[in-house]
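Novice: Task: produce atomic coordinates for the following.
(chains A and B)
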Amino acid sequence: MSATVEAQDTQVNQEELFHFDHHHTDYEGGKFGMWLFLFTELVLFGGMFLALFVYGTGEYAADFHAAGKSLNLFKGAGNTLVLLTSSLTMVYAITALQKGSKFWALTHIAITVLLALTFMVVKYFEWTAKFEHHLFPAKIAALESIYGPSDLKKAYTTEYKESGLSIAAFNAIKVDSNGNPAPAGISAEEAKEYTHTRYTRGQVIFYGMYFTMTGLHGFHVLIGVVLLLWMFWCVLKNTVTAENFGWLENVGLYWHLVDLIWIYLFPLFYLVA
Amino acid sequence: MSYAVNKPYYEDQAVVLADLYATMAEMGKTNPFFKFLAWLHSWVLSTDHKRIGILYLIAMFSFFAIGVSLGLTIRLELFWPGQDFISATTYNSVFTLHGVIMIFLFVIPGIPAIFGNFFLPIHIGAADVQFPRLNLLSWYMFMGGALIAALSLFVGYDASSGVHWVAPDGGWTFYAPYSTTANSNVSLAVFAAFILGFSSIFTGLNFVSTIHRMRHPKQKWMDMPLFVWGLYGTAWIQVLATPVIGITLALLIMERAFGIGIFDAALGGDPVLYQHMFWIYSHPAVYVMVIPGMGVVSEIIATFSQRTIFGYTSMVLSMIGIAFVGYFVWAHHMFTSGMSEASVAIFSFITFFVAVPTAVKVFNWLATLYKGSIQLDPPMIWGLSFVFLFSIGGFTGLALGMVSTDLHVHDTYYVVGHFHYTMFGGGGVAVFAALHYWYPKMFGKMYNFTAAYIGWALFFVGFNVLYGSMLVVGLQGMPRRYHDYLPEFQGLHQVGSYGSFIMITGLLIVFGNLFISLFTGKKAPQNPWGGKTLEWTECPTPPVLINFYKKPKLDHGPYDYPGEWV
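Specialist: Okay, the predicted model is just below:
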């Protein structure tokens, strides 16, 4: 917003006028708002941690324990390292800019983006490995057992659009507490096939939460990548400078939060085994 | 680009996102189409808190009209037992949408988004909110959520039966397991509520930052008007509680789409967990609906008694107290859901604590009236109605907070009656009170008092007949959410429906009066009610573009009336 306020009424004292830019340059205020936002993010993930806590410490503790073993500790630990390092380079980027080095700020933002993308690539291989072992959220698993792995994608799309397998039909293919299928509504053959996916009830929830929470976290990483690229552009174009680095700092705060959430996700999923 | 600072905020110019406006305004001098574009731009892309407040006002009262129509449909269907106008399925969708629209699109955002946006910066002597662009984004998210909610009515498709236009049903609470298994269009409606939640979070975040960072240097915390305190408490609830419902609804969508199992007993999950997570937000949200209303009524009662608010400090503490205790009482919605007896007893016990700060406020309002110079203008009538109706809502709530009585009246019309006394008699009436109180300031016109009195009287009578009869028919055993009922309830249901006709007539007169007065009303003076807060003492009517001609003088407290300590 351009800043000149022109008093058309001569009675108005120009110097006493409210300044339009007053609130746009409030560095402390910007930080304050960002911290509040991070607070809401913590509460958002907190809701899921609450659900995880309820099931992981209750009757399904053993199931969680067993399911946790199926996760790849090596990839998980590697990704933790990647994200921690990216937090470090993020701090370097901010410090470099504050000290007036545009080049090193840009370099470190770029490294941070690369590390974030590395995280996502590892995540992709992790998820693909799960799918290959027929580990899905329950509904996909049920569809897979009926349509077979090759037609899974088609099955999922037709389920919404054409076929008769609605949510109601899905509800008929529930697992009982022993991991056996409830036979209502499906043929014996389908039921037998479904048994092969071998989910216990605790494992259904474990994988459901695993895909949901790491998925939402991955979504936050992607948003972070977009924000970092935007910051790269701003630093390049001197919108964010050594004197005016509030935005970069706020993006940094966001990035640390993404890191922090992963620090909690890693032990709760990978290390419970 | 330059701004004329001495014109009303709604004329010709605006603080807009981009300078495109200036170009269009320039071209608009010769081309009427560009003139229209510039005008449109100056409204839908304005970051001015007053214009955004007006945008919210128009949007919300439109949604309110739809919500009222749906409510009227329910009352017509219930006029006689049996199926009269709409099928049972349609009835389920109608009461669900009545709830979703009224709760998420009207009462929760009502006062903060309309009057908070418009008057918060003026009350604290600021030019705008802390994050004006975020404020505009909130409005767009609000409208986006509303649009998706409307869309969910029409795009639903039930694959198992091949039926199109399956509207969402199951009530505004979307309880599992029905919501996780229903073939109706629940996912989209829930997604709409998710978006609206984020709009609410951003508004709250904005207000907390604004109050912390932008107050007039002379306005210390305990010099703030109580309306600002109400918004402050509300904003914290919005920031801290709304993400919980965001994630709960997201998990519900995931449950429906992928079967993640956490709310579905057949997959190993627990539907009661959904209720817990839902009410962890939605109970504090009840106070989001009513605390700003308490702030409004505090302003009104002080102004129209021309007397310092009684017990300012206790008013502030009780407001914060309600916001705080409100976090710890959520499970009193779930006494019959199968919690342990210990939880039931504990939550019942804590629930009674909410009554204490609420009663403090009611007594303080009454004490403010004592020996005041009371002027029964329309805003005051509405404000006192709030105290009366909300007290009834509070007392009937105590009966529900007590486990032994709750077991009998749970899921009956008694709950519906109680709920409407608090939410509509509290939150809704406070919106009308605020509208009558600040209308002259917002639009620069006075409205017709006689019509306002008649409209209020019809509303007040109709309201009590409608919701009072619900309390009685509920005690007699009428369960809620049924489109049909036993013949012995017919009398009271018809009384209730007649009440709704009277109430809606009153509403039509009230809003007709306010609308017509936009064109025919007399010009309003700067301070028609003799208020002492900044919007009356320093801000011209209607407010100018940046609220004040110059930095506002603040040499008195918000309630320093003549004859009091000054």
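Novice: My guess is B:T396 contacts B:G425. True?
Specialist: No: B:T396 is not in contact with B:G425 according to C-beta atoms under 8 Å; the separation is 10.5 Å. The way it works is simple: take the backbone N, C-alpha and C, and place the C-beta from them, glycine included.
Novice: Could you check which of those two has the larger neighbour count?
Specialist: B:G425 (28 against 21; other C-beta atoms under 10 Å in any protein chain shown).
Novice: Tell me who's in contact with that one.
Specialist: Going by C-beta atoms under 8 Å, 6 or more residues apart in numbering or on different chains, B:G425 touches B:385-386, B:389-390, B:392-393, B:463, B:467.
Novice: Counting neighbours, which bits of the helix or strand containing A:G215 end up buried?
Specialist: A:G215 belongs to helix A:201-236 when elements are defined using DSSP states H and E. With burial defined by 16 or more other C-beta atoms under 10 Å in any protein chain shown, the residues of helix A:201-236 counted as buried are A:201-214, A:216-218, A:220-221, A:224-225, A:227-228, A:231-232, A:234-235.
Novice: Not counting its neighbours along the chain, what's nearest the residue of the stretch 1-150 of chain A found nearest chain B?
Specialist: Going by C-beta to the nearest C-beta, chain B is nearest to A:K139 of the stretch 1-150 of chain A, at 3.0 Å. Spatially, and ignoring its direct neighbours in sequence, A:K139 is nearest to B:G259 (3.0 Å; C-beta to C-beta, 6 or more residues apart in numbering or on different chains).
Novice: and if you look at B:L471?
Specialist: B:G417 (3.9 Å).
Novice: Same check on A:Y264?
Specialist: A:F49 (6.9 Å).
Novice: Let me know the next secondary structure element after the helix or strand where that neighbour lies.
Specialist: Taking DSSP H and E as the definition, A:F49 sits inside helix A:27-56. Next along the chain after helix A:27-56, taking DSSP H and E as the criterion, comes helix A:61-69.
Novice: how about the helices in the stretch 1-150 of chain A?
Specialist: Counting by DSSP state H, counting those that start in this stretch, the stretch 1-150 of chain A has helices at residues A:27-56, A:61-69, A:73-98, A:102-132, A:138-147.
Novice: JSON lines for those, including distance to B:K553, mean pLDDT and mean neighbour count?
Specialist: Formatted as JSON lines, the helices of the stretch 1-150 of chain A follow (distance: least, C-beta to C-beta, whole Å; pLDDT from 0 to 100; neighbours: other C-beta atoms under 10 Å in any protein chain shown):
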{"stretch": "helix A:27-56", "distance to B:K553": "24", "mean pLDDT": "92", "mean neighbour count": "19"}
{"stretch": "helix A:61-69", "distance to B:K553": "64", "mean pLDDT": "87", "mean neighbour count": "17"}
{"stretch": "helix A:73-98", "distance to B:K553": "40", "mean pLDDT": "96", "mean neighbour count": "18"}
{"stretch": "helix A:102-132", "distance to B:K553": "45", "mean pLDDT": "95", "mean neighbour count": "17"}
{"stretch": "helix A:138-147", "distance to B:K553": "64", "mean pLDDT": "69", "mean neighbour count": "24"}
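Novice: Take those and lay them out in JSON lines including distance to B:K441.
Specialist: Shown next, in JSON lines, are the helices of the stretch 1-150 of chain A (distance: least, C-beta to C-beta, whole Å):
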{"stretch": "helix A:27-56", "distance to B:K441": "27"}
{"stretch": "helix A:61-69", "distance to B:K441": "59"}
{"stretch": "helix A:73-98", "distance to B:K441": "45"}
{"stretch": "helix A:102-132", "distance to B:K441": "48"}
{"stretch": "helix A:138-147", "distance to B:K441": "54"}
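Novice: List just the one of these that sits closest to B:H333.
Specialist: Counting by C-beta to C-beta, B:H333 lies closest to helix A:27-56 out of the helices of the stretch 1-150 of chain A; the figure is 17.3 Å.
Novice: Which strands and helices lie in contact with the closest one?
Specialist: When contacts are defined as 3 or more C-beta pairs under 8 Å, 6 or more residues apart in numbering or on different chains; DSSP states H and E, helix A:27-56 sits against helix A:201-236, helix A:246-270, helix B:186-213, helix B:226-258, helix B:271-305.
Novice: Can I get those in TSV including mean pLDDT and distance to A:I109?
Specialist: Below are the helices and strands packed on helix A:27-56 laid out as TSV (pLDDT from 0 to 100; distance: least, C-beta to C-beta, whole Å):
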stretch	mean pLDDT	distance to A:I109
helix A:201-236	94	5
helix A:246-270	95	8
helix B:186-213	94	26
helix B:226-258	93	28
helix B:271-305	94	36
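Novice: and these as TSV, adding distance to B:V510?
Specialist: Shown next, in TSV, are the helices and strands packed on helix A:27-56 (distance: least, C-beta to C-beta, whole Å):
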stretch	distance to B:V510
helix A:201-236	45
helix A:246-270	45
helix B:186-213	26
helix B:226-258	22
helix B:271-305	16
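Novice: out of those, nearest to A:L44?
Specialist: Across these, A:L44 has its closest neighbour in helix B:226-258 (3.9 Å, C-beta to C-beta).
Novice: in the closest one, what's buried?
Specialist: By neighbour count on 16+ other C-beta under 10 Å, the buried set for helix B:226-258 is B:226-256, B:258.
Novice: likewise stretch B:345-353?
Specialist: Neighbour-count burial for stretch B:345-353 flags B:347-348, B:350-351, B:353 (criterion: 16+ other C-beta under 10 Å).
Novice: got it, and stretch B:356-372?
Specialist: Buried residues in stretch B:356-372 (16+ other C-beta under 10 Å): B:357-358, B:360-362, B:364-365, B:368-369, B:372.
Novice: In CSV, list the C-alpha atoms belonging to that stretch.
Specialist: Provided in CSV are the C-alpha atoms of stretch B:356-372 (Å, rounded to 0.1, in the frame of the first residue of the first chain):
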residue,chain,number,x,y,z
VAL,B,356,-20.8,-18.7,39.0
PRO,B,357,-19.0,-16.2,36.7
THR,B,358,-22.2,-16.0,34.6
ALA,B,359,-24.3,-15.1,37.7
VAL,B,360,-21.6,-12.5,38.6
LYS,B,361,-22.2,-10.9,35.3
VAL,B,362,-26.0,-10.9,35.6
PHE,B,363,-25.8,-9.4,39.1
ASN,B,364,-23.4,-6.7,37.9
TRP,B,365,-25.7,-5.7,35.1
LEU,B,366,-28.6,-5.4,37.5
ALA,B,367,-26.4,-3.4,39.9
THR,B,368,-25.4,-1.1,37.1
LEU,B,369,-29.1,-0.3,36.5
TYR,B,370,-29.6,0.5,40.2
LYS,B,371,-30.0,4.3,40.5
GLY,B,372,-29.0,4.7,36.9
